[in-house]
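>>> For reference, the sequence and a predicted model appear below.
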Amino acid sequence: RTMALEQRLAATGTVERLSALAESGVMTAAWAEKLAQAYIFLQTLRVRFQAQAIRQGRQAANMIFPEAMDDALRERLKDSLREVAELQQQLYARYGLHLFP
């Protein structure tokens, strides 16, 4: 969102913002696509775990439990989180966030 605002992009959804950032040259199209896929995957997991909690009579939360996933899903989760970590590193470098404790 911050990068899209900086570029004065009108896109409002996360996936749309990522695409607009790629179109404006802030990031590559390939990286924007990886980030979009990671975002969609993480949101899907969150909703799955919320639905499972509701079915089990528990309060839905924004928690994902890797120990409840099979190996393939856990690997995909790791890959998605690596993309998020890379974005966070880029944001820290771009905006000097490492300067704030």
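Perfect, thanks for sending it. Numbers count the residues shown, from 1 in each chain.
>>> going forward, measure contacts and count neighbours with C-alpha atoms only.
Will do.
>>> Restricting to C-alpha, output stretch 13-21 in PDB.
What follows is stretch 13-21, C-alpha atoms only, in PDB (Å, rounded to 0.1, in the frame of the first residue of the first chain):
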ATOM      1  CA  GLY A  13      -6.800  -4.100  -3.800                       C
ATOM      2  CA  THR A  14      -3.600  -5.800  -2.900                       C
ATOM      3  CA  VAL A  15      -3.300  -7.900  -6.100                       C
ATOM      4  CA  GLU A  16      -4.300  -4.900  -8.200                       C
ATOM      5  CA  ARG A  17      -1.700  -2.700  -6.400                       C
ATOM      6  CA  LEU A  18       1.000  -5.200  -7.000                       C
ATOM      7  CA  SER A  19       0.200  -5.400 -10.700                       C
ATOM      8  CA  ALA A  20       0.100  -1.600 -10.900                       C
ATOM      9  CA  LEU A  21       3.500  -1.400  -9.200                       C
END
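>>> Quick one: name whatever helix or strand follows the lengthiest helix in the chain.
In the chain, with assignment by DSSP state H, the single longest helix is helix 29-55. Note on helix 29-55: by DSSP states H and E, the next helix or strand toward the C-terminus is helix 71-95.
>>> quick check: mean pLDDT across that next one?
What helix 71-95 shows for mean pLDDT is 93.
>>> List the buried residues for that helix?
L77, S80, L81, E83, V84 (16 or more other C-alpha atoms under 10 Å).
>>> A32 and S19 touch, don't they?
Yes: using C-alpha atoms under 8 Å, A32 is in contact with S19, at 6.2 Å.
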